[in-house]
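Asks: my questions are about this predicted structure, shown below with the sequence.
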Amino acid sequence: MTDTVTQSVAQRRELIAFRIGDQEFCVDIMSVREIRGWAPATPLPRTPSFVKGVINLRGAVLPIIDLGARLGLSTSEPTARHVIMVVHIGERTIGLLVDAVSDIINMSDDLVQPTPDVASDQVKTFVKGLFALDGRMVSLIALDRVLPETEAEAA
Amino acid sequence: MDPFESIKATFFQECEELLTDMESGLLAMEQGDDDSETINAVFRAVHSVKGGAGAFGLEELIRFAHVFETVLDEMRSGKLPLTDEVAKVLLRASDVLADHVAAARSGGGVDEGRTVGMIADLQGLIDQDRANELGLNDHGDASGADEDFGFVPVVLSLDEPATDAPDVDIAALLSAAAEPAAATPTWKVIFRPRAEMYAKANESALVLRELARLGDVEVSLDASGVPALDQLSAEAAYLTWTIRLSGDKSEAEVREVFEFVEDDCDLTVVREGEAPEMAAADGAESDASASAVEAAAAAPLDLEALLARVAPTAEPAPLEIPPAQPVAAAPVAAPAPAPANLDVAGLIALAEKASQDHAQAAQTPVAKADPKVDQKAEARAGSGAATAATPTIRVDLDRVDRLINAVGELVIQQAMLSQRVFESGLARSSDVALGLEDLELLTREIQDSVMAIRAQPVKSVFQRMPRLVREVADMVGKKVRLVMDGENTEVDKTVIERLSDPITHMLRNAIDHGLETPEEREAGGKGAEGTVRLAALHRGGRIVIEVQDDGRGINRPRVRGIAVTKGLIAEDAVLSDDEIDNLIFLPGFSTADVVSDISGRGVGMDVVKRSIQALGGRISITSEPGKGSKFSMSLPLTLAVLDGMVVSAADQTLVAPLSNIVESLTPRAEDVHLIGGRDAVICIRDTFVPLIDVGVALGFRDTPLPPASGVAVLVESEGGGKAALLVEAIQGQRQVVIKSLEANYQHIHGVAAATILGDGRVALILDVDALVTTSRRKSPRIEKRMAV
């Protein structure tokens, strides 16, 4: 009885979990359009180091963000084993470079804990919350912060 | 969208077309074309706008359109002769009508004063005409007063808007039929609407009323086709009218009343006394199957008979179908031989089945009829009649864009495939390679055809200009005749949308600054009316738009003087005539003594020039004092593809727009000089221009390339500044499809857009303007952006 009540209050959703280094992250499955292998990108001039460049996704020019670099984790040069998650952020479609996609998780919102204060500012900007899964910690990524600020804001 | 709203949207879309037709018709009339077809076309346009407006209760619009229509009607009946003055009033009225439509669309208001004034002017035309008529022919033709509906028979009852076919005020119509004929009938019209006519929201009552305007009418209704109540289908048509029309009208005039419905009704028009060649020769086949069922189901409006038919003992006879009747007959005919004591339920079921079949059968003719109707409508929407337009369809622009994208992809894939096959070492004569060649040809053809879909004649922009010219001319008190050429020149939709502003500006400029006042012109031995010519043509894979006036031309000493006082040029500068003419494109240059409302806010031609250059175009002016000036601007035919030079710099493949490139050369080490620490200039034919290392400027590399080992591409920026771009190599020249970077990322300084090359990789298109200006003043903003 209590179970059903909880269920109707807290929204359940599916998340895609992925790895960068030895950490695990996830995003809402609804924002992921496809997952593809790494292909060399055309570098863009005057862009932050976490912007790997652009690739051709069936005729659209898709910017690739190295999510590890964006989060301040150490990164290495991407190889064919790396994965690009094509995600929608608002009106835009971008590719996130991650090490590997690991799992699809079905969980409810009330299990997400707020990011503890210990985390650095940079991490807190991009991590919406944490939750435990089989003893592992998974961080929920706030996708809307991933893109660099627009020129107008930066200038 | 709310269905009502979507219908309304369609109405306004149609209004646009109608207004265009109207205007082109009026312009033809202004040129003295008083052909009845032209006048009719204009009349129809106004009438249709009014009709549609009626459906949406747009009172203001109806009120104005009605007056307008009345004047046109007078012209149509030949009572109001076409004069210059009349044409001018009508043109102005068309502007007001367009305003009303626009106001109705946006829900805004209109200039009430202007409307009232316009109505008065139009009324003036009618009154004048009436006066003429009274003086000239006093025989009191009924149609002269038809606006009042003041004549004898029955029309009043038809005035009541009937909402649904079977609800037509039958009593009134019947009583109408009973009234004695007012005059000797000369035409006998048998009008039998089909269901399709009502389905298209046409209304018999309106048609009859229209007919009544032609002369005295005597209407009789044949309601015998109306079936019993329980078999009455709300969407079917059962009524037939016979109209006797007296009056001195030709058959064509009578038939014209039915113009909008003639494909959806059975219409016979015969002179009374002639043998009536009856019944709907053209409508017969589509109606044959239906009439079988109808005949079987038909009943008089008599309750007795109705009851009698529903009675259990009813004979199956009424349901028997003549064997000759096709299609729908079959399923109904099957049960016919059944025993005579059919029960009510069975009978009703049978009737229902019959009516279903009827409906099915009716659908086929509808579908068949449609294309015909569309073609007709398109033809009408075309050029006011004279030329029969080819059928067209309306397609969502989104769909076309999707198709264009997909074809762009196809081209790239095809190029990639060719490259792979080539790399795999297959012989050129192998079947695969040959097949690929065919594929390539086919792909190109598809691409060209697809781009042609989006190409549109510049007409859509040009047609807005006559009005602008009229208004500007009125405002500055000049007489102007606008001549337009090459309206059918086609250009990509992306370009069309951006043509309007520069053309507007150039026209205003031509009228305001170029043309003299009527007095000045007469003093100078020219006609009081100035001519402005707006032309479009294709030249060298680009579209050229010319705006030419026969005004005073550019006053070079004055232009020069202004440029000197404004500090735009040095006092002792030696300039050719051409160079002086082009000074007017400099920012902050405006020659009008008085800053008028129209042009000359000091944002004149330099704005035009910049907006044209932003499209990859160029503008220039030629002028002859006393004879006039000519602006010509040339633009690429499409903004979807671009001619570019593919270059490589710092291991990257980049594309420089060809429109910026002046020449390319191999720099010699002795021509390159350093200014200060890193900034280099190159000497090209005794002129020093900045040498920009593209790899360094874009931050792909820190150390500049030794100039002698690269290629310098001399470019001209939109601001007119020149620079040499140093790249490693030139790979070739090709057409590339422009892809936006902003769509998924953001603008990057120095990069105009991206494209996809044959190998499937993304290549960046250089923003030459930005590169050149950045090299002039190194912006600290870039470092800031890097820091995130």
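Replies: That came in fine, so what should we check first? What you see is a predicted model; the values in this text were computed from it and never measured.
Asks: just the buried positions in stretch A:20-32, please.
Replies: Applying a neighbour-count criterion of 16 or more other CB atoms under 10 Å in any protein chain shown, one finds A:Ile20, A:Glu24, A:Phe25, A:Cys26, A:Val27, A:Ser31, A:Val32 buried in stretch A:20-32. C-beta coordinates here come from the backbone N, C-alpha and C atoms, glycine included.
Asks: next, the third one: phi, psi?
Replies: For A:Phe25, the backbone dihedrals (degrees, to the nearest 10) come out as phi -130, psi 170.
Asks: count of residues packed around B:Pro707?
Replies: By the criterion of other CB atoms under 10 Å in any protein chain shown, B:Pro707 has 20 neighbours.
Asks: so what's the residue of the stretch 551-700 of chain B found nearest chain A up against?
Replies: Taking CB to the nearest CB as the measure, the stretch 551-700 of chain B has B:Leu698 as its residue closest to chain A, at 3.5 Å. Under the criterion of CB atoms under 8 Å, 6 or more residues apart in numbering or on different chains, the contact partners of B:Leu698 comprise A:Pro45, A:Arg46, B:Ala649, B:Ala650, B:Gln652, B:Gly750, B:Val751.
Asks: most neighbours out of the residues you listed, which is it?
Replies: In the contacts of B:Leu698, the most neighbours by other CB under 10 Å go to B:Ala649, 25 neighbours.
Asks: give me the beta-bridge partners of that one?
Replies: Taking DSSP bridges as the rule, B:Ala649 bridges to B:Gln652.
Asks: now swap in B:Leu267 and tell me
Replies: Here B:Leu267 sits in beta bridges with B:Phe191, as judged by DSSP bridges.
Asks: distance check, it against B:Asp99.
Replies: Using CB to CB, to the nearest Å, B:Leu267 is found at 38 Å from B:Asp99.
Asks: just A:Leu57 next, same as before
Replies: Applying CB to CB, the value for A:Leu57 to B:Asp99 is 47 Å.
Asks: one more: B:Ile765?
Replies: As judged by CB to CB, B:Ile765 and B:Asp99 stand 42 Å apart.
Asks: any low-confidence regions in chain A?
Replies: Counting by pLDDT under 70, chain A contains low-confidence ranges at A:1-10, A:119, A:149-155.
Asks: pick out the residue of it closest to chain B.
Replies: Checking chain A residue by residue against chain B with CB to the nearest CB singles out A:Pro45 as nearest, at 3.5 Å.
Asks: skipping its backbone neighbours, what lies nearest that residue in space?
Replies: B:Leu698 (3.5 Å; CB to CB, 6 or more residues apart in numbering or on different chains).
Asks: same question, B:Ala201
Replies: Skipping the residues right next to it in sequence, B:Ala201 comes nearest to B:Ala55 by CB to CB, 6+ apart, at 7.6 Å.
Asks: check what pLDDT the one you found gets.
Replies: Reported pLDDT at B:Ala55 in the predicted model: 77.
Asks: how close does it get to B:Val532?
Replies: Where B:Val532 is concerned, B:Ala55 sits at a distance of 39 Å (CB to CB).
Asks: the more surrounded of these two?
Replies: It is B:Val532, of B:Ala55 and B:Val532, that has more neighbours when counted by other CB under 10 Å, with 25 against 11.
Asks: who does the helix or strand hosting that one pair up with?
Replies: Element membership for B:Val532, per DSSP states H and E: strand B:529-539. Strand pairing for strand B:529-539, using DSSP bridges, gives strand B:479-485 (parallel), strand B:542-549 (antiparallel).
Asks: need the contact partners of the longest one.
Replies: The reference is to strand B:542-549. Outside strand B:542-549, the residues within contact range by CB under 8 Å, 6+ apart are B:458, B:489, B:491, B:495, B:499, B:502-503, B:506-507, B:510-511, B:514-515, B:530-538, B:617, B:628-637.
Asks: now, the residues you listed that are in helices?
Replies: Counting by DSSP state H, the part of the contacts of strand B:542-549 found in helices is B:Val495, B:Leu499, B:Pro502, B:Ile503, B:Met506, B:Leu507.
Asks: so B:Ile756 bridges to which residues?
Replies: Under DSSP bridges, the beta-bridge partners of B:Ile756 are B:Val762.
Asks: next: B:Gln548.
Replies: When bridges are taken as DSSP bridges, the partners of B:Gln548 come out as B:Arg533, B:Lys630.
Asks: so how far is B:Met484 from it?
Replies: 11 Å.
Asks: with neighbour numbers in mind, choose between those two.
Replies: Just comparing B:Gln548 and B:Met484: by other CB under 10 Å the higher neighbour count belongs to B:Gln548, 21 against 18.
Asks: circling back to that earlier point, export the strands paired with strand B:529-539 as JSON lines, with columns for distance to B:Glu112.
Replies: Output for the strands paired with strand B:529-539, formatted as JSON lines (distance: least, CB to CB, whole Å):
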{"stretch": "strand B:479-485", "distance to B:Glu112": "28"}
{"stretch": "strand B:542-549", "distance to B:Glu112": "34"}
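Asks: of those strands, which is nearest A:Gly68?
Replies: strand B:542-549 (48.0 Å; CB to CB).
Asks: go through the ones in helices among the contacts of strand B:542-549 and name the one nearest B:Leu568.
Replies: Distances from the ones in helices among the contacts of strand B:542-549 to B:Leu568 were compared by CB to CB; the smallest belongs to B:Met506, at 20.9 Å.
Asks: name the nearest residue to the closest one, sequence neighbours excluded.
Replies: That would be B:Val547: by CB to CB, 6+ apart, it lies 4.3 Å from B:Met506.
Asks: please report how far the one you found lies from chain A.
Replies: Spatial separation of B:Val547 from chain A under the definition CB to the nearest CB, to the nearest Å is 36 Å.
Asks: ditto for B:Glu520
Replies: Relative to chain A, and taking CB to the nearest CB, B:Glu520 is found at 50 Å.
Asks: pretty sure that residue sits in a helix.
Replies: Yes: note on B:Glu520: a helix contains this position according to DSSP: H, G, I helix; E, B strand; the rest coil.
Asks: quick check: residues of chain B near chain A?
Replies: Residues of chain B found near chain A, taking CB under 8 Å from any CB of the partner chain as the criterion, are B:405-406, B:408-409, B:412, B:652-653, B:698-700, B:739-741, B:743-751, B:754, B:756, B:760-764, B:781-782, B:784-786, B:788.
Asks: just these: which are in strands?
Replies: B:Gln652, B:Thr653, B:Val751, B:Ala754, B:Ile756, B:Val762, B:Ala763, B:Leu764 (DSSP state E).
Asks: list the contacts for the last one?
Replies: In this case it means B:Leu764. A:Thr42, A:Leu44, A:Pro45, B:Gln652, B:Leu654, B:Val655, B:Val751, B:Ala753, B:Ala754, B:Thr755 are the contacts of B:Leu764 under CB under 8 Å, 6+ apart.
Asks: recalculate using a threshold of 10 Å.
Replies: Counting by CB atoms under 10 Å, 6 or more residues apart in numbering or on different chains, B:Leu764 touches A:42-45, A:53-54, A:61, B:652-655, B:698, B:741, B:748, B:750-755.
Asks: kindly report the same for the third one.
Replies: B:Val751 makes contacts with A:Leu44, A:Pro45, A:Arg46, B:Leu654, B:Leu698, B:Leu741, B:Leu764, B:Ile765, B:Leu766, B:Asp767, B:Ala770, B:Leu771, as judged by CB under 10 Å, 6+ apart.
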